[in-house]
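Participant: Turn this into a structure:
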Amino acid sequence: MFLSPFKLWFPVILAPILFSGCCHIARVSIELSQLIVPLQNEMFSQTNWLRIHAAEALLDNGQFDHIAELFKPEADTALPPYRIGVWRVLARGCGGPERQAYVERIRSVLRDPAAPDRISAAESLGKLDAVNPSDDEMIAQWLTTADDATAVFPRWLLCLSSSDAKREANETALAKYLSCPDAIARLRAGFVLGRLKNISPNSLAALRHRLHLEPADSIARVYLITAVVLHSNETAETERLKKQLIPYLHGKANEQLEAGIVLGMVGNETDLKTLRPNLKNPEPDARIGAANGMLRLRK
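Facilitator: Numbers count the residues shown, from 1 in each chain. Coordinates of the predicted model:
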């Protein structure tokens with residue numbers, strides 16, 4: 001049975017009242033509710049990928065309650081490519097065999113050359129870090145015909161499934177997409193390398209070089225900034241790149257989302273003030289990114 005938003009989130013809304021006996025805890029609880037409850041409202045009121053973004057913002061910050069129950073009615077009815085997002089949320093929101101069942105649904109799309117959302121399946125398996133080495137041969141075959149923009153996500157899967165002996169070669173191949181004429185390929189390569197753990201010094205150097213060359217108005221630039229800042233261990237570089245992210249909080253929807261999330265991942269308490277105005281931005285992804293980032297900064 002579908003539960004109303006009030007019934008689902010009553011414990012969160014009530015939390016500040018329950019903790020009112022301690023001033024410090026009450027203050028913290030109220031601030032958390034000001035971020036969590038709006039994300040819950042976005043998840044209920046938005047549709048399609050905006051709904052996914054809101055759910056994942058909650059999951060990113062340890063808020064699992066009722067999300068799986070909310071999305072399960074769509075598991076068998078959602079159409080491509082939105083179904084991939086639904087299954088991804090359910091994989092994250094469930095545990096054990098149930099999680100694996102949703103991962104397998106995504107894998108079934110990955111393995112279907114005729115699926116219209118095959119590339120979304122590859123992206124989602126990368127985000128879930130849910131690779132299966134038995135898919136490597138099929139992915140390698142896909143790469144023989146894929147254009148550069150398409151190839152980035154399956155190449156990501158090969159990096160994730162690689163043995164130590166093959167990881168360097170696959171990562172080098174992935175980093176080559178940074179030099180593609182296609183801006184979408186560079187955008188995706190920046191995003192993937194940013195989220196890839198323990199990239200090589202050569203890959204980080206390639207990201208820095210590409211960022212230096214990337215035009216100011218490029219659709220890929222924000223993802224190159226976030227990739228470098230996520231891997232940088234140099235304080236001066238991090239602070240410089242954080243400043244470069246601030247204009248993107250007022251850019252396109254995807255840029256607002258990415259900038260908000262990553263400022264939360266690499267920022268500090270002072271960045272809470274930078275993100276706060278976007279909680280009232282008319283663009284849903286701006287609000288979702290700001291709330292996600294601010295919740296990360298409170299951890």
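
Participant: Can you name every helix or strand that the helix or strand encompassing His209 contacts?
Facilitator: Assigned by DSSP states H and E, His209 falls within helix 201-213. With contacts taken as 3 or more Cβ pairs under 8 Å, 6 or more residues apart in numbering; DSSP states H and E, helix 201-213 sits against helix 164-175, helix 183-195, helix 221-231. Glycine gets a C-beta too; all of them are placed from N, C-alpha and C.

Participant: the strands in the stretch 1-150 of the chain, which residues?
Facilitator: Under the criterion DSSP state E, counting those that start in this stretch, the stretch 1-150 of the chain carries no strands.

Participant: Where does pLDDT dip in it?
Facilitator: In the predicted model, the stretch 1-150 of the chain carries pLDDT under 70 at residues 1-30.

Participant: All the helices of it, residue numbers only.
Facilitator: 5-18, 23-45, 48-60, 67-71, 82-93, 96-110, 118-128, 136-143, 148-161 (DSSP state H, counting those that start in this stretch).

Participant: Just the residues contacting the last one, thanks.
Facilitator: Spelled out, it's helix 148-161. Contact with helix 148-161 is made by 119, 122-123, 125-126, 129, 131-133, 135-136, 139-140, 142-143, 146, 166-167, 170-171, 173-174, 177, 180, 182, 184-185, 188-189, 192, 196, as judged by Cβ atoms under 8 Å, 6 or more residues apart in numbering.

Participant: one more time with 6 Å
Facilitator: For helix 148-161, contacts defined as Cβ atoms under 6 Å, 6 or more residues apart in numbering pick out 119, 122-123, 125-126, 131, 133, 136, 139, 142-143, 170-171, 173-174, 177, 180, 182, 184-185, 188-189, 192.

Participant: Flag the shaky bits of the stretch 151-299 of the chain, pLDDT-wise.
Facilitator: For the stretch 151-299 of the chain, no range has pLDDT under 70.

Participant: And Glu56, how close does it get to Trp49?
Facilitator: Note on Glu56: its distance to Trp49, by Cβ to Cβ, to the nearest Å, is 10 Å.

Participant: the more surrounded of the two?
Facilitator: Glu56 (22 against 15; other Cβ atoms under 10 Å).

Participant: got the CA coordinates for stretch 117-135 in PDB?
Facilitator: Output of stretch 117-135 as PDB, limited to C-alpha atoms (Å, rounded to 0.1, in the frame of the first residue of the first chain):
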ATOM      1  CA  ASP A 117      19.100   2.300 -22.600                       C
ATOM      2  CA  ARG A 118      22.100   0.100 -22.800                       C
ATOM      3  CA  ILE A 119      24.400   3.000 -22.100                       C
ATOM      4  CA  SER A 120      22.400   4.000 -19.100                       C
ATOM      5  CA  ALA A 121      22.900   0.400 -17.800                       C
ATOM      6  CA  ALA A 122      26.600   0.700 -18.200                       C
ATOM      7  CA  GLU A 123      26.700   4.000 -16.400                       C
ATOM      8  CA  SER A 124      24.600   2.700 -13.500                       C
ATOM      9  CA  LEU A 125      26.600  -0.400 -13.000                       C
ATOM     10  CA  GLY A 126      29.700   1.800 -12.800                       C
ATOM     11  CA  LYS A 127      28.000   4.000 -10.200                       C
ATOM     12  CA  LEU A 128      27.000   0.900  -8.200                       C
ATOM     13  CA  ASP A 129      30.500  -0.600  -8.600                       C
ATOM     14  CA  ALA A 130      28.600  -3.800  -9.600                       C
ATOM     15  CA  VAL A 131      30.700  -5.300 -12.300                       C
ATOM     16  CA  ASN A 132      31.000  -8.900 -13.300                       C
ATOM     17  CA  PRO A 133      34.200 -10.000 -15.100                       C
ATOM     18  CA  SER A 134      32.200 -12.500 -17.100                       C
ATOM     19  CA  ASP A 135      30.800  -9.400 -19.000                       C
END
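
Participant: can you pull the buried residues of that stretch?
Facilitator: Within stretch 117-135, the residues scored as buried using 16 or more other Cβ atoms under 10 Å are 117-128, 130-132, 135.

Participant: before we move on, what about stretch 245-254?
Facilitator: When burial is assessed from 16+ other Cβ under 10 Å, stretch 245-254 yields the following buried residues: Leu245, Tyr248, Leu249, Gly251, Ala253, Asn254.

Participant: Alright, that wraps it up for me.
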